[in-house]
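[1] Sharing a model that was predicted from the sequence below.
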Amino acid sequence: MQNGGMAPNCSDSPPSIAIADTVGLPALSARLRSAVASAGLPLAEPDATLSTLAVLVTTDIVAGLSAKARQAMAIARTCGATHVVLAVGAAASTDRAAFETVCAAFDEFARKLDFSSAVAALIGISAAGAPWDDAAALTAQLAALGRPEPDAGPHRQPAPLSEQFAVHIACIGEQELLPGREYRLRFAGRETTASVNSVKYRLDIDTLRRAPARSLAPDEIGVCTIAVHEPLALDDTSEAGGGARFTLSDLFTDKVVAAGSIDFALRRGMNVHWQPFAVTKETRAQTKRQRPCIVWFTGLSGAGKSTVANLVEGWLALHGRHTYLLDGDNVRHGLNKDLGFTAADRVENVRRVGEVARLFVDAGIIVLCCFISPFRAEREAVRSLVEPGEFIEIHVTAPLDVCEQRDPKGLYAKSRAGRLPNFTGIDSPYEAPERPDLVLDTTSATPSELALRVVALLQDRGVVEAPQEQRAARAEP
């Protein structure tokens with residue numbers, strides 16, 4: 001057995017051990033589960049990365065340190081595991097020299113990943129057993145993980161609170177990790193909302209060299225910056241030994257999307273503060289005699305969003321309301337001219353527009369937003385930017401074949417011809433609102449009729465007064 005000298009665990013609770021089966025050998029996995037149980041340690045669930053101290057990666061003497069084995073090691077290290085075991089399954093007739101060859105490749109790769117210890121164990125999987133079997137030694141090594149180290153002395157002072165961090169992260173779920181999208185972050189027993197500011201680069205799992213990336217696909221690892229809604233502090237226990245571990249989960253399904261370890265807090269997250277102003281949103285709204293809000297029109301291209309929104313704004317302007325209309329095509333001529341139509345770009349497109357819309361609401365304006373905005377998560381992120389009741393979601397709908405027949409900009413024709421990839425409704429998904437404030441079917445009524453329905457909704461919500469109420473208010477002395 002190749003022993004890298006596993007260090008005892010510094011946590012008060014027993015660490016869990018994860019098994020990453022890369023070759024599908026039931027006999028080998030069974031022996032490893034038995035070794036973990038004999039060591040008195042819990043076996044981790046597949047996504048329980050926060051409590052996993054060591055990972056047991058399975059392979060066989062023929063596969064050696066395969067691409068799948070390297071991938072499992074890299075993801076485990078990124079998620080915070082500090083110890084790794086390569087369990088090499090072999091028959092009784094296996095030549096020990098072949099195992100030494102596998103060990104050399106394993107040791108070199110483990111050093112690149114900076115594991116605290118790396119152990120390779122040759123485990124017999126035949127009924128006859130083998131005199132060279134390392135199972136007993138492996139059990140002893142695992143048992144050492146459960147023995148806490150003596151207290152090394154007084155703890156350091158907690159680090160300052162920060163809202164931004166540099167992290168190593170692994171995309172371990174089924175969906176792509178997208179910058180700008182909000183996720184549920186769990187860290188050190190706390191839970192808050194977080195988003196990836198940017199992906200600095202991904203790491204090639206075979207070579208660990210940096211490669212450019214804007215997002216991370218499933219099973220990819222990379223270096224990112226993340227921002228959290230509630231400030232966090234890295235204390236002395238989380239900064240030591242790779243313990244600053246976190247997971248990112250989908251806000252709707254709570255499925256784990258990614259996991260990683262925090263490298264350090266970013267100073268930019270400590271030096272930015274809100275500047276209070278004398279004139280408030282309420283004051284600005286009162287001078288305009290309206291309640292500011294975001295009226296968000298979402299739907300497929302060609303559904304009729306801009307047509308209806310344009311009529312709504314016309315009615316509001318005619319009745320003295322203060323408005324602004326943000327349209328998907330128009331903002332791509334300026335603010336978002338650098339963005340394409342990939343999933344990552346669509347997320348960033350809506351994120352920027354949401355921030356602009358929030359500024360309009362703070363100015364007391366009724367802002368109408370017309371965007372396909374295909375992803376539910378981003379629409380909900382915009383909703384979270386403003387106060388309850390200030391985000392009104394309107395689903396403008398029409399069957400896909402009707403939208404294609406209309407095709408006012410020729411985009412469906414380009415997409416069908418293969419000249420416009422990532423087009424919503426064709427080769428990119430659209431997630432319809434689950435509980436919109438209003439649904440407008442543009443095949444069942446005229447645009448003018450639908451616009452009046454939106455106006456009626458705004459009047460019911462108290463965003464604007466009905467015409468008779470306006471006249472009564474003006475007549476008051």
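    Good, I have the coordinates. Residues are numbered from 1 along each chain as shown.
[2] next structured bit after the helix or strand encompassing residue 368?
    Assigned by DSSP states H and E, residue 368 belongs to strand 366-370. Helices and strands here follow DSSP H and E; after strand 366-370, the next one along the chain is helix 376-385.
[3] That next one to strand 366-370, inter-axis angle?
    170 degrees (axes from the mean of the first three to the mean of the last three CA atoms, to 10 degrees).
[4] Would you mind pulling up the elements that helix 376-385 packs against?
    With contacts taken as 3 or more CB pairs under 8 Å, 6 or more residues apart in numbering; DSSP states H and E, helix 376-385 sits against strand 182-187, strand 293-298, helix 343-362, strand 391-397. For the C-beta atoms, the positions are set from N, CA and C on the backbone; glycine is no exception.
[5] by how many degrees do that helix and strand 391-397 diverge?
    Going by the same axes, to 10 degrees, helix 376-385 makes 150 degrees with strand 391-397.
[6] hang on, the earlier thing: what pairs with the strand holding residue 368, and is each one parallel or antiparallel?
    strand 293-298 (parallel), strand 323-327 (parallel) (DSSP bridges).
[7] Let me have the ones you listed in a markdown table, adding mean pLDDT, mean neighbour count and distance to residue 32 as columns.
    Below are these laid out as a markdown table (pLDDT from 0 to 100; neighbours: other CB atoms under 10 Å; distance: least, CB to CB, whole Å):
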| stretch | mean pLDDT | mean neighbour count | distance to residue 32 |
| --- | --- | --- | --- |
| strand 293-298 | 98 | 27 | 49 |
| strand 323-327 | 97 | 19 | 56 |
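[8] Ok, which of the ones you listed comes nearest residue 427?
    Nearest to residue 427 among the strands paired with strand 366-370 is strand 293-298 (19.1 Å), distances taken as CB to CB.
[9] For the helix or strand just after the closest one, buried residues please.
    Where DSSP H and E defines the elements, the next helix or strand beyond strand 293-298 is helix 305-318. Buried residues in helix 305-318, defined by neighbour count with 16 or more other CB atoms under 10 Å: 305, 306, 307, 308, 309, 311, 312, 313, 315, 316.
[10] in the host helix or strand of residue 455, what's buried?
    Per DSSP H and E: residue 455 is located in helix 447-460. In terms of neighbour count (16+ other CB under 10 Å), helix 447-460 has its buried residues at 447, 450, 451, 453, 454, 455, 457, 458.
[11] my guess is the fifth one meets residue 296, correct?
    No: taking contacts as CB atoms under 8 Å, residue 454 lies outside contact range of residue 296: 11.3 Å.
[12] Give the residues shared as contacts by those two.
    Common contacts of residue 454 and residue 296 (CB atoms under 8 Å, 6 or more residues apart in numbering): residue 394.
[13] ok, back up a step: between the strands paired with strand 366-370, which gets nearest to residue 252?
    Across the strands paired with strand 366-370, closest to residue 252 is strand 293-298 (CB to CB), at 16.2 Å.
[14] Contacts for the closest one, please.
    305-306, 308-309, 312, 357-358, 360-361, 366-373, 379, 382, 386, 389-396, 433, 436, 454, 458, 461, 463.
[15] Could you check the angle it makes with helix 447-460?
    140 degrees.
[16] could you check the angle helix 343-362 makes with strand 293-298?
    Strand 293-298 runs at 150 degrees relative to helix 343-362, counting by the same axes, to 10 degrees.
[17] what about the longest strand in the protein?
    strand 190-203 (DSSP state E).
[18] picking that back up, between the strand holding residue 368 and helix 305-318, how many degrees?
    Using the same axes, to 10 degrees: strand 366-370 against helix 305-318 is 160 degrees.
[19] isn't residue 22 right next to residue 69, touching?
    Yes: using CB under 8 Å, residue 22 makes contact with residue 69 at a distance of 4.9 Å.
[20] Relative to residue 187, how far out is residue 364?
    Separation of residue 364 from residue 187 (CB to CB, to the nearest Å): 37 Å.
[21] Return the set of buried residues in the strand holding residue 368.
    Here strand 366-370 shows 366, 367, 368, 369, 370 as buried, counting by 16+ other CB under 10 Å.
[22] Skip ahead from the worst-scoring helix or strand of the chain on mean pLDDT and say which helix or strand is next.
    In the chain, the helix or strand scored least confidently by mean pLDDT, DSSP states H and E is helix 236-239, which has a mean of 44. As assigned by DSSP H and E, the chain's next helix or strand after helix 236-239 is strand 245-249.
[23] relative to strand 190-203, how tilted is the helix or strand that comes right after that next one?
    For strand 245-249, the succeeding helix or strand toward the C-terminus, using DSSP H and E, is strand 256-265. Taking the same axes, to 10 degrees, one finds that strand 256-265 is oriented at 90 degrees with respect to strand 190-203.
[24] quick revisit: and the strands paired with strand 366-370 as JSON lines, adding distance to residue 205?
    Output for those, formatted as JSON lines (distance: least, CB to CB, whole Å):
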{"stretch": "strand 293-298", "distance to residue 205": "37"}
{"stretch": "strand 323-327", "distance to residue 205": "41"}
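[25] any idea which of the helices and strands packed on helix 376-385 is most buried?
    strand 293-298 (a mean of 27; mean count of other CB atoms under 10 Å).
[26] Now find how far off-centre it is within its chain.
    Its chain's C-alpha centre lies 24 Å from the corresponding centre of strand 293-298 when counted by CA atoms, centre = their mean, to the nearest Å.
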